[in-house]
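*Asks:* Quick one: sequence plus predicted model below, questions after.
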Amino acid sequence: MRGGTNVIVYSSAFLQKPSVQSEALMIMPEDINGFMAAMTGMNWDAGLTLVLHTPGGVTMATQSIVDYLRSKFSKMEVVVPVFAMSAGTMIALASDRIVLGNHSQLGPIDPQLQMNGRQHSARAIVEQFVQAHDEILQNPLAAHVWAPILASHGPALLQYAQDQLDFSEGIVAAWLTKFMKSADPDPVAEGKRIARYFNDASGHKSHDKRIGRDEAYEVGVVVESLEANQELQEVVLTLYNVLTILFEQTSVTKIITSGPGRSWLKHWTGITS
């Protein structure tokens, strides 16, 4: 895709198969096997272009993937055809630069916790406890309203949610410091500032909030315009359209590939091949 660089494509069918079990669509611990398969025989010195399309996923799996990729490639760019949300944004922020089109988007990195079969914002859980605390202090009778809500969560959930927020922001700040912002006069401060921005659900209001190319650039992310390279744009969008057809017409829900013979697929049945 770029002259001489290695290319890996990670793409999910979350737009085509929204009713499929989320584990088949999201970034999961098993995905490391797909990256290992796709990276067979690569020249590590040539750098990596990662084409990434994902709704996000498990934070610990994301850390494992990033650590593995960055242990092999000293140079890495992430190309986002359309969506790299949540944990996908975390992976993108661990690169040296992100290539975004007019239509591409990143999103807040606020971790999502699985509760009763649904995803819940860790930030929202923490803020709900804070709201309850403040309202009860102002009016003790409010405790009767909050009691059944807080009882369903429990204090352990509050601590777990806060730990996940701190962990996600901390590792993203460390990646930004080490890679994307390493040449800045104060890379540590820049890394922390950008990570804080992407983890600020209070400011973004929604976990699905769109953070486009211009906003990412304004906050300090190293961004390249996909439209600035017509040849690259055509290749990326053609690839995206081909994968869309694959997801629509087959049982595949996720693919990690670097070419023929080096592909890992996830099917809606949960079987990998």
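*Replies:* Here it is on my side, so go on. Numbers count the residues shown, from 1 in each chain.

*Asks:* so where's the stretch 101-250 of the chain shaky on pLDDT?
*Replies:* 112-121, 144, 146, 149-155, 201-208 (pLDDT under 70).

*Asks:* all helices of it, in order?
*Replies:* Counting by DSSP state H, counting those that start in this stretch, the stretch 101-250 of the chain forms helices over residues 122-138, 142-153, 155-178, 187-198, 201-204, 213-219, 230-249, given from the N-terminal end onward.

*Asks:* And the last one, what does it pack against?
*Replies:* For helix 230-249, the elements it packs on are strand 6-12, strand 48-53, strand 252-257, judged by 3 or more CB pairs under 8 Å, 6 or more residues apart in numbering; DSSP states H and E. In short, each C-beta sits where N, CA and C put it, glycine included.

*Asks:* mind listing what residue 180 touches?
*Replies:* Contacts were defined as CB atoms under 8 Å, 6 or more residues apart in numbering; by that measure residue 180 touches 93-97, 221-222.

*Asks:* Just the buried ones among those residues, please.
*Replies:* 93-97, 221-222 (16 or more other CB atoms under 10 Å).

*Asks:* And the pLDDT for residue 7?
*Replies:* What the model reports for residue 7 is a pLDDT of 96.

*Asks:* could you list every residue that touches it?
*Replies:* With CB under 8 Å, 6+ apart, residue 7 has these contacts: 1, 48-51, 258-259.

*Asks:* Buried residues, stretch 185-201. List them.
*Replies:* By neighbour count with 16+ other CB under 10 Å, stretch 185-201 contains the buried residues 187, 190-192, 194-195, 197-199, 201.

*Asks:* Name the nearest of these relative to residue 139.
*Replies:* Relative to residue 139, the closest of these is residue 201; by CB to CB it sits at 26.2 Å.

*Asks:* Would you reformat the helices of the stretch 101-250 of the chain as a markdown table and include distance to residue 37?
*Replies:* Supplementary listing: the helices of the stretch 101-250 of the chain in a markdown table, determined by distance: least, CB to CB, whole Å:
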| stretch | distance to residue 37 |
| --- | --- |
| helix 122-138 | 32 |
| helix 142-153 | 40 |
| helix 155-178 | 24 |
| helix 187-198 | 30 |
| helix 201-204 | 35 |
| helix 213-219 | 31 |
| helix 230-249 | 17 |
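
*Asks:* Out of the ones you listed, flag the one nearest residue 30.
*Replies:* When the helices of the stretch 101-250 of the chain are compared for distance to residue 30 using CB to CB, the nearest one is helix 230-249, at 18.5 Å.

*Asks:* That closest one vs strand 6-12, what angle?
*Replies:* Relative orientation of helix 230-249 versus strand 6-12 (axes from the mean of the first three to the mean of the last three CA atoms, to 10 degrees): 40 degrees.

*Asks:* Just want the angle from helix 230-249 to strand 252-257.
*Replies:* In terms of direction (the same axes, to 10 degrees), helix 230-249 departs from strand 252-257 by 140 degrees.

*Asks:* tilt between helix 230-249 and strand 48-53?
*Replies:* 50 degrees.

*Asks:* Please state the offset of helix 230-249 from the chain centre?
*Replies:* The gap between where helix 230-249 is centred and where its chain is centred comes out at 20 Å by CA atoms, centre = their mean, to the nearest Å.

*Asks:* Would you mind pulling the contact partners of that helix?
*Replies:* Looking at what lies outside helix 230-249 - CB under 8 Å, 6+ apart - the contacts are 1-2, 9, 11, 13, 15-17, 51, 53, 79, 81-82, 99, 101, 226-227, 252-253, 255.

*Asks:* I would like a ChimeraX command selecting only the buried ones among the residues you listed, please.
*Replies:* In ChimeraX, a selection of the buried entries from these looks like this (16+ other CB under 10 Å):
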select :2,9,11,13,16,17,51,53,79,81,82,99,101,226,252,253,255
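
*Asks:* of the helices of the stretch 101-250 of the chain, which approaches residue 60 most closely?
*Replies:* Ranking the helices of the stretch 101-250 of the chain by their distance to residue 60 (criterion: CB to CB) puts helix 155-178 first, at 8.8 Å.

*Asks:* what's the burial count for residue 64?
*Replies:* Here the neighbour count serves as a burial measure; for residue 64 (other CB atoms under 10 Å) it reads 16.

*Asks:* which residue sits closest to it, ignoring its sequence neighbours?
*Replies:* Taking CB to CB, 6 or more residues apart in numbering as the measure, residue 64 lies nearest to residue 32, with 5.4 Å between them; neighbours along the chain are not counted.
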